[in-house]
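Trainee: give me coordinates for this.
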Amino acid sequence: MNCLESRRSFMKRVASCAAATAWPAAGRFTLSAADPKDQDLNSPSSLPIVDTHQHLWDLSKFSLPWAKGHTTLDRSFVTADYLAATAGVNLAQSVYMEVDVAPAQQAAEADYVLDLCRRNDNPMSGAVISGRPASSEFAASIARYKGNPLIKGVRQVLHSDATPPGFCLDKQFVASVHLLGEMGMSFDLCMRPGELRDGEKLAALCPRTRFIVDHCGNMSVQETDAKKIAAWKQGMQALAQRDNVVCKISGIVVTAREDWQPADLEPNMRFSMETFGPDRSMFAGDWPVCTQRATFAQWVAALEWITRDLPLAHRRKLFHDNAVRFYGLQPKPWKRPAS
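Mentor: Alright, predicted model coming up:
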């Protein structure tokens with residue numbers, strides 16, 4: 001089974017290939033009218049938002065074997081779809097996240113998103129591209145992007161069968177990730193929750209490289225095994241001890257039951273934000289993967305509810321400021337195309 005096929009298996013395990021579901025009437029929630037912070041949380045956030053995890057894929061251009069046959073994801077998701085999904089949300093900017101295309105298409109994927117970053121008809125202002133740090137050819141492949149301000153970093157998904165525990169600690173892998181730091185680029189840690197300690201070791205070996213823990217460390221909100229939960233928490237705490245690591249608050253909605261409520265997500269989200277603190281936590285949409293359980297607006301509203309008691313300054317950091325600072329984003333005067 002290759003890496004792409006393994007990712008497909010992972011997606012099936014965490015989301016059971018579920019179709020997007022709307023909250024039932026009882027789940028359309030607001031704070032108590034007696035609460036002074038009362039607001040309609042079915043409405044998209046009024047805070048400016050930087051989406052640090054925007055996927056796109058055009059199946060007329062790229063092959064995604066891991067998505068083949070998937071109930072929700074086996075179709076193209078292009079810019080027009082993303083703009084429709086985020087309509088009404090105060091979206092300031094977005095950062096593209098690689099989608100595990102076949103290795104032969106990695107350069108073409110980068111070219112595709114760089115074109116979008118340069119255009120003013122969409123919010124994309126930076127990109128994290130696909131790479132294979134364990135390859136001896138990695139240095140040559142990443143060199144073409146040296147000095148490009150739109151390429152912010154690299155990711156290789158590490159939760160597939162093709163990447164066993166300890167894979168990211170391979171000598172060549174470490175050397176490649178160290179090189180990213182020398183080039184001013186970051187590396188996303190998208191790992192199994194029980195292997196986060198490997199990510200911490202990698203961060204220690206590459207202190208000049210900035211790391212991002214994707215999706216709160218990928219712990220399912222339905223997990224009940226105390227040992228697995230403890231291992232996840234210990235891994236997250238170890239990563240947070242490294243000054244060069246930040247965390248994306250995202251993703252785990254796909255692990256919730258179909259009739260989920262924001263309170264179902266709250267323990268994992270709260271733990272992650274408290275562990276990394278207000279200056280090292282960033283909002284991420286994970287669209288369209290999130291559509292297996294929620295629309296973009298529903299996910300924003302849920303996180304708004306979860307952070308309802310935080311100071312406004314902390315919420316602004318979470319949804320906007322930390323991403324701008326971490327990725328060095330420049331303002332982009334984009335406009336939605338006329339409908």
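Trainee: can you give me the helices in the protein?
Mentor: Chain-ordered helices for the chain, with DSSP state H as the definition, fall at 3-15, 79-85, 106-118, 138-143, 171-182, 196-205, 226-240, 262-276, 296-306, 312-316, 322-327.
Trainee: gap between the residue nearest to the spatial centre of the chain and Ala140?
Mentor: Most central in the chain under CA atoms, centre = their mean is His53, positioned 4.1 Å from the mean C-alpha point. According to CB to CB, to the nearest Å, His53 and Ala140 sit 27 Å apart. (C-beta placed from N, C-alpha, C; glycine too.)
Trainee: likewise for Pro65?
Mentor: Pro65 sits 25 Å away from Ala140, going by CB to CB.
Trainee: between these two, which one's more packed in?
Mentor: Pro65 (15 against 9; other CB atoms under 10 Å).
Trainee: that one against Gln105, yeah?
Mentor: No: counting by CB atoms under 8 Å, Gln105 is not a contact partner of Pro65; they are 11.2 Å apart.
Trainee: about what we covered before: ok, the residue nearest to the centre of the chain - contacts?
Mentor: The contact partners of His53, by CB atoms under 8 Å, 6 or more residues apart in numbering, come to 95, 97, 214, 248, 250-251, 284-286.
Trainee: how about 7 Å then?
Mentor: Contact analysis of His53 by CB atoms under 7 Å, 6 or more residues apart in numbering lists 97, 248, 250, 284-286.
Trainee: for it, which non-adjacent residue is closest in space?
Mentor: Nearest non-adjacent residue to His53, counting by CB to CB, 6 or more residues apart in numbering: Ala284, 3.4 Å away.
Trainee: burial check on that neighbour, number of neighbours?
Mentor: Ala284 is flanked by 26 other residues according to other CB under 10 Å.
Trainee: out of the contacts of His53, which is most surrounded?
Mentor: Neighbour tally across the contacts of His53 (other CB under 10 Å): the maximum, 31 neighbours, falls on Met97.
Trainee: give me the distance between it and Gln298.
Mentor: Met97 sits at a distance of 20 Å from Gln298 (criterion: CB to CB).
Trainee: Phe173 too?
Mentor: 37 Å.
Trainee: Pro48: which of the helices of the chain is closest?
Mentor: helix 312-316 (7.6 Å; CB to CB).
Trainee: now the closest one: average pLDDT?
Mentor: For helix 312-316, mean pLDDT is 95.
Trainee: buried residues in it?
Mentor: Using 16 or more other CB atoms under 10 Å as the test for burial, helix 312-316 gives 314-315.
Trainee: who touches it?
Mentor: So helix 312-316 is in contact with 47, 278, 307, going by CB under 7 Å, 6+ apart.
Trainee: mind checking how far it is from the chain centre?
Mentor: On the basis of CA atoms, centre = their mean, to the nearest Å, helix 312-316 sits 20 Å off its chain's mean C-alpha point.
Trainee: how deep is the nearest residue to Met185 once chain neighbours are set aside tucked in, by neighbour count?
Mentor: Computed as CB to CB, 6+ apart, the closest residue to Met185 that is not its neighbour in sequence is Gly153, at 4.7 Å. Applying the criterion other CB under 10 Å, we find 25 residues in the vicinity of Gly153.
Trainee: where's Gly153 relative to Ala338, distance?
Mentor: Using CB to CB, Gly153 is found at 33 Å from Ala338.
Trainee: low-confidence stretches in this structure?
Mentor: Residue ranges of the chain with pLDDT under 70: 1-45, 339.
Trainee: partner residues bridging the closest residue to Gly131 other than its chain neighbours?
Mentor: Nearest non-adjacent residue to Gly131, counting by CB to CB, 6+ apart: Val154, 4.0 Å away. Following DSSP bridges, Val154 is listed with bridge partners Ile129, Phe187.
Trainee: give me the number of residues near Val154?
Mentor: Neighbours of Val154 under the rule other CB under 10 Å: 27.
Trainee: cool, and the one 5 residues further on?
Mentor: Neighbouring residues of His159 were enumerated by other CB under 10 Å; the total is 19.
Trainee: count the residues that sit near the residue nearest to it when sequence neighbours are not counted.
Mentor: The shortest distance from His159 to any non-neighbouring residue, by CB to CB, 6+ apart, is to Arg192 (4.7 Å). Applying other CB under 10 Å, we find 19 residues neighbouring Arg192.
Trainee: and Arg192, how far from Cys216?
Mentor: Distance check for Arg192 against Cys216: by CB to CB, it reads 13 Å.
Trainee: pull the contacting residues for the nearest residue to Lys228 once chain neighbours are set aside.
Mentor: Nearest residue to Lys228 in three dimensions, chain neighbours excluded: Gly194, at 6.3 Å (CB to CB, 6+ apart). Counting by CB under 7 Å, 6+ apart, Gly194 makes contact with 228, 231-232.
Trainee: and for Gln93?
Mentor: Gln93 sits next to 50, 123, 125, 329, 332 when contact means CB under 7 Å, 6+ apart.
Trainee: of those - the most surrounded one?
Mentor: Of all these, Val50 has the most neighbours under the rule other CB under 10 Å, reaching 27 neighbours.
Trainee: nice, that's everything, thank you.
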